[in-house]
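Peer 1: Starting from these lines, generate the structure:
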Amino acid sequence: MPATTETAGTRLVAAAAGFAAASRDAAADWDREGRVPKGVRRDLAASGLLAADLPPAYGGAGLTPAELGEAAAHLGGVCSALRGLLTVQSMVAAALARWGTRGQRAHWLPALADGTLTAGFAATEEGAGSALGEVETAVEETAGGAVLTVTGRKKWVTFGQDADVLLVLGRTGGKPAAVLVETDRPGVTREPVRGQLGMRAAGIAHVALDRVRVPADHRVAPPGAGLSHVAATALDHGRFTVAWGCVGMAEACVADAAAHAATRLQGGVPLGGHQAVGALLARIAVDAAAARELAARAARSRAGGPGRGVTETIVAKYAAADAAARAGRDAVQILGAAGCASDSRVGRHYRDAKIMEIIEGAQQVSELHIAAHVMRRFGAGA
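Peer 2: Numbering: from 1, shown residues only. Predicted structure coming up:
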């Protein structure tokens, strides 16, 4: 048989699989401790998996959407926080790659790709979650336009405890604006979030910005494009890797539930031999398989370049988050007390999957987008 040519993409997907396998036992400890250790984050960066879909000119590996998705699935099947690090780094990098200036791309992208800098996406506020158009963080021009002053309070910033730079969504003159803010600047204060329902190891923080001064060249795209262009690109990229991470979660729950159902005896019969248990297992196996196919469809759609496959990605994220939530729930049911233990992977996935149904567009918001798309295709006058 002819030798298979190994590409950068196949190497990195294999690296993600190996990294996930090596992290499997430790992930429960990270969840309890509320952090992915710095050394682990450094190793993930060194593996080349952060912003790996960037072009090689910026330090990335040029991963295809399908390859990036498979890497996210491997990490998501073991630890949603690891997948979250890949996601947020890639979100910020994608937004800069598409909407940043040549200077911004040259300065920031290589440092994001090699992990020299850890990024955070600071969009959500107390009164602006799904409705990001209602953010109130002020981005004001001072010193004759040479300096920007950023004031506001951001909530639920993934890896906000560790981020070196934040992509902040705010407003300038009533228009949505996006700006890069280094977290070591005076006026930046971080409040660690601990004990939340899921994503406990993701270093989540609330971040206060008190008249933080940054150079004007830290603004990404003109005012007015901060939400519709910059944040939209970041969120679209995030939905894609979240979708694939949920595929990994669902498949991991199926595997753990099936292993338990095949070996645990009840009345002298394997647990999976009981009709009710077999039905649960069958349903989550089908859900996981369907989620994978929809994620693969999104990857094919996105292969055409930036801005492609937006609706397919929303569909995939919606279906995969739902599949992960149901797989986690039913796997816990099948494992019983073992599924409720503090080190239970299915229990952790069950908690994390609920978060996946909210972030990067809640399920109900996704339904509105999907319904509008369906009506455009098949509605009256179509």
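
Peer 1: which residue is nearest the middle of this structure?
Peer 2: Nearest to the geometric centre of the chain sits Thr87, at 3.8 Å (CA atoms, centre = their mean).

Peer 1: And the pLDDT at that one?
Peer 2: Per-residue pLDDT puts Thr87 at 98.

Peer 1: so what secondary structure elements neighbour the top helix by length along the chain?
Peer 2: Longest helix in the chain by number of residues, with DSSP state H as the criterion: helix 232-263. Applying 3 or more CB pairs under 8 Å, 6 or more residues apart in numbering; DSSP states H and E, we find helix 232-263 packed against helix 65-76, helix 80-99, strand 269-270, helix 275-302, helix 310-335, helix 345-356. Every C-beta, even on glycine, is put in place using the N, C-alpha and C of the backbone.

Peer 1: Quick check: which of those is nearest to Ala216?
Peer 2: helix 80-99 (15.9 Å; CB to CB).

Peer 1: and that closest one, how far out from the chain's middle?
Peer 2: 7 Å (CA atoms, centre = their mean, to the nearest Å).

Peer 1: chain center to whichever helix or strand comes after it: distance?
Peer 2: Sequence-wise, the next helix or strand downstream of helix 80-99 (DSSP states H and E) is helix 102-113. In terms of CA atoms, centre = their mean, the centre of helix 102-113 is found 21 Å from the chain centre.

Peer 1: Then stretch 165-172?
Peer 2: With CA atoms, centre = their mean, you get 18 Å for stretch 165-172.

Peer 1: What residues does Gly195 make contact with?
Peer 2: Gly34 (CB atoms under 8 Å, 6 or more residues apart in numbering).

Peer 1: Quick check on it: phi, psi?
Peer 2: Backbone torsions of Gly195, given as degrees, to the nearest 10, read phi 80, psi 10.

Peer 1: Look up how far Asp31 lies from it.
Peer 2: 11 Å (CB to CB, to the nearest Å).

Peer 1: got it, and Val181?
Peer 2: 29 Å.

Peer 1: Could you do Arg42 as well?
Peer 2: Noted for Arg42: a distance of 20 Å to Asp31, by CB to CB.

Peer 1: swap in Ile204?
Peer 2: Distance from Ile204 to Asp31, counting by CB to CB: 13 Å.

Peer 1: again, but for Gln104
Peer 2: Plainly put, Gln104 is 35 Å away from Asp31 if you go by CB to CB.

Peer 1: ok, those two, which is more surrounded?
Peer 2: Asp31 (25 against 18; other CB atoms under 10 Å).

Peer 1: Shouldn't the more buried one be within a helix?
Peer 2: Yes: assessed by DSSP: H, G, I helix; E, B strand; the rest coil, Asp31 belongs to a helix.

Peer 1: can you start the count at 34 instead of 1 from here on
Peer 2: With the count now opening at 34, the last piece we talked about shows up as Asp64.

Peer 1: from memory it sits against Arg381, does it?
Peer 2: Yes: with contact defined as CB atoms under 8 Å, Asp64 reaches Arg381; the gap is 5.5 Å.

Peer 1: Low-confidence stretches in the stretch 84-233 of the chain?
Peer 2: Within the stretch 84-233 of the chain, not a single segment meets pLDDT under 70.

Peer 1: Just the C-alphas of stretch 333-352, formatted as CSV.
Peer 2: Provided in CSV are the C-alpha atoms of stretch 333-352 (Å, rounded to 0.1, in the frame of the first residue of the first chain):
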residue,chain,number,x,y,z
ARG,A,333,-17.4,21.7,4.5
SER,A,334,-19.4,24.9,4.2
ARG,A,335,-16.7,26.9,6.0
ALA,A,336,-14.0,25.6,3.7
GLY,A,337,-15.0,28.2,1.2
GLY,A,338,-13.4,30.9,3.3
PRO,A,339,-14.3,33.6,5.8
GLY,A,340,-18.0,34.4,6.1
ARG,A,341,-19.1,31.0,4.7
GLY,A,342,-21.2,28.4,6.5
VAL,A,343,-22.6,30.8,9.2
THR,A,344,-26.1,29.1,9.3
GLU,A,345,-24.6,25.6,9.0
THR,A,346,-22.4,26.4,12.0
ILE,A,347,-25.4,27.7,14.1
VAL,A,348,-27.3,24.5,13.2
ALA,A,349,-24.3,22.3,14.2
LYS,A,350,-23.7,24.2,17.5
TYR,A,351,-27.5,24.0,18.3
ALA,A,352,-27.7,20.2,17.6
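
Peer 1: okay, now the closest residue to Pro303 other than its chain neighbours: neighbour count?
Peer 2: Nearest residue to Pro303, sequence neighbours excluded (CB to CB, 6 or more residues apart in numbering): Ala295, at 5.6 Å. For Ala295, the count of nearby residues is 12 (other CB under 10 Å).
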